[in-house]
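[1] make a model of this:
(2 chains)
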Number of protein chains: 2
Amino acid sequence: MQLLKDKITNQGKIFPGNILKVDSFLNHQIDVDFLCEIGKEFKNRFHNCGVNKILTIEASGIGIACITAQFFHCPVVFAKKTKTKNISSNVYTTQVASFTHGVTYDVMVSTEFLNENDTVLIIDDFLAKGQALIGLIDLVNQSKARLAGCGIVIEKGFQDGGKTIRDMNVNLQSLAIINAMDACKGTIEFG
Amino acid sequence: MQLLKDKITNQGKIFPGNILKVDSFLNHQIDVDFLCEIGKEFKNRFHNCGVNKILTIEASGIGIACITAQFFHCPVVFAKKTKTKNISSNVYTTQVASFTHGVTYDVMVSTEFLNENDTVLIIDDFLAKGQALIGLIDLVNQSKARLAGCGIVIEKGFQDGGKTIRDMNVNLQSLAIINAMDACKGTIEFG
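    Numbers count the residues shown, from 1 in each chain, chains lettered A, B, ... in the order given. Below you'll find the model as predicted:
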């Protein structure tokens, strides 16, 4: 998606350790008009898949999922990272290791909101090692829902998450795939 | 907002300890078409305030803020609860005690995304004791931005957060105010 690649090139900031910050439009400040274009593109790519629910994980997936869901006219369910007093005890749970935060989370979705009648599109902002996506796919499988596919805004193609997910025969659509980044030169090479 | 009161009455679940769960449409599963009506109502209430940025706090505020921002054609900034490797060191910070989670968070916004040229609308799902809102107002004040007001979906009118915020001369608009709940009878009394 050229609009997204241009946005990453113009506004993304590269740091040593293959860290890409897109805080100005995707995961701290959110450019909502731009997210509409992202949502339309996901709709184009999954329009005939029978999607009736979008699943994401807190926190930065939620905005993308909500804007995208408007084009599918379906609800969003976001998986929660910690067990609060307010969540039902009837939950699907899985564990997700976070590279960014250096911790492993328990991630859960109430059994009320995913079941065998659902056809689920998973949406997230980044795909790197694939831990979050594998966790979300596990939750879908536990619920016996059908997985329509996974829509990712930015895939780090030089990490192995994309290969792992595609090897699971999942319809994975990444709107921008980064093959290489150079923090010194400030350059990004797209796939 | 009658549509919201009806939704709370029909889908909300009351638990002992004045806990109201609206997980089926607001903060676990998100009814995005319904959120559009919420967003329109916030636009009606703050339409002539010069809002150019919406501020919320992760996680459950993000979806509401993003859908609402479409009606203002402005970006969302969401305050983050933990310091990750990916956030700039130039941040406004404050502390927020969470009644739901029983902990105190450091909450932060990058100085890049709020400054004296901004007119900010704060959006959140719940107002009870007001800790999150007071923290977000503190961040706006630190940035020297102008505070247009606060838009809350559900205010627990029997707790003191609303009075505290209104006593600060903040334009606080809550779309539904709950005066009392009875977990045994399953009844909710609105203000």
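
[2] which residues does A:R146 bridge with?
    Per DSSP bridges, the residues bridged to A:R146 are A:T119.

[3] neighbours of it, how many?
    Neighbourhood size, A:R146 [other C-beta atoms under 10 Å in any protein chain shown]: 15. Where C-beta positions appear, they are placed from N, C-alpha and C, glycine not excepted.

[4] excluding its backbone neighbours, what's nearest the residue nearest the centre of chain A?
    The centroid of chain A falls nearest to A:D124 when counting by C-alpha atoms, centre = their mean (1.1 Å). Among residues not flanking A:D124 along the chain, A:G61 sits closest, at 4.7 Å (C-beta to C-beta, 6 or more residues apart in numbering or on different chains).

[5] so the one you found makes contact with A:L127?
    No. Using C-beta atoms under 8 Å as the test, A:G61 is too far from A:L127 to be in contact (11.3 Å).

[6] who's more crowded, these two?
    Neighbour count, other C-beta under 10 Å: between A:G61 and A:L127, A:G61 has more, with 28 against 25.

[7] ok, the residue nearest to the centre of chain A to chain B distance?
    A:D124 is 14 Å from chain B, where distance means C-beta to the nearest C-beta, to the nearest Å.

[8] for that residue, name its beta-bridge partners.
    A:I152.

[9] surely it is in contact with A:Q131?
    No. At 10.8 Å, A:D124 and A:Q131 do not qualify as touching, with contact defined as C-beta under 8 Å.

[10] show me where chain A has its strands.
    Secondary structure of chain A by DSSP state E: the strands cover A:13-15, A:19-21, A:29-30, A:53-57, A:76-79, A:91-98, A:103-110, A:119-127, A:146-156, A:172-182, A:187-190.

[11] direction included, what does the fourth one pair against?
    Pointing back at strand A:53-57 there. Applying DSSP bridges to the sheet, strand A:53-57 is found paired with strand A:76-79 (parallel), strand A:119-127 (parallel).

[12] how about residues contacting the top helix by length along chain A?
    When chain A is parsed with DSSP state H, its longest helix is helix A:32-46. Helix A:32-46 is contacted from outside by A:1, A:3-4, A:7, A:25, A:63-64, A:67-72, A:121, A:123, A:148-149, A:151, A:153, A:171, A:173, A:175, B:66, B:69-70, B:73-76, using C-beta atoms under 8 Å, 6 or more residues apart in numbering or on different chains.

[13] for that helix, give the mean pLDDT please.
    Averaging pLDDT along helix A:32-46 gives 98.

[14] find the nearest non-adjacent residue to A:T164, please.
    Distance criterion C-beta to C-beta, 6+ apart; nearest residue to A:T164, sequence neighbours excluded, is A:G130 at 4.9 Å.

[15] contacts only, for the one you found.
    Counted by C-beta under 8 Å, 6+ apart, A:G130 has contacts A:Q159, A:D160, A:G161, A:G162, A:T164, A:I165.

[16] roughly how far does it sit from chain B?
    Between A:G130 and chain B the computed distance is 18 Å (C-beta to the nearest C-beta).

[17] equivalent analysis for A:A69, please.
    When distances are taken as C-beta to the nearest C-beta, A:A69 and chain B turn out to be 4 Å apart.

[18] can you check A:A176 too?
    Taking C-beta to the nearest C-beta, one finds A:A176 at 17 Å from chain B.

[19] without its sequence neighbours, what residue ends up closest to that residue?
    A:L4 (4.7 Å).

[20] can you tell me how far the one you found is from chain B?
    Distance, A:L4 to chain B, using C-beta to the nearest C-beta: 16 Å.

[21] what's the answer for A:T9, then?
    To chain B, A:T9 is 18 Å away according to C-beta to the nearest C-beta.

[22] now do A:F25
    From A:F25 to chain B the distance is 8 Å (C-beta to the nearest C-beta).

[23] per-residue pLDDT of that residue, please?
    98.
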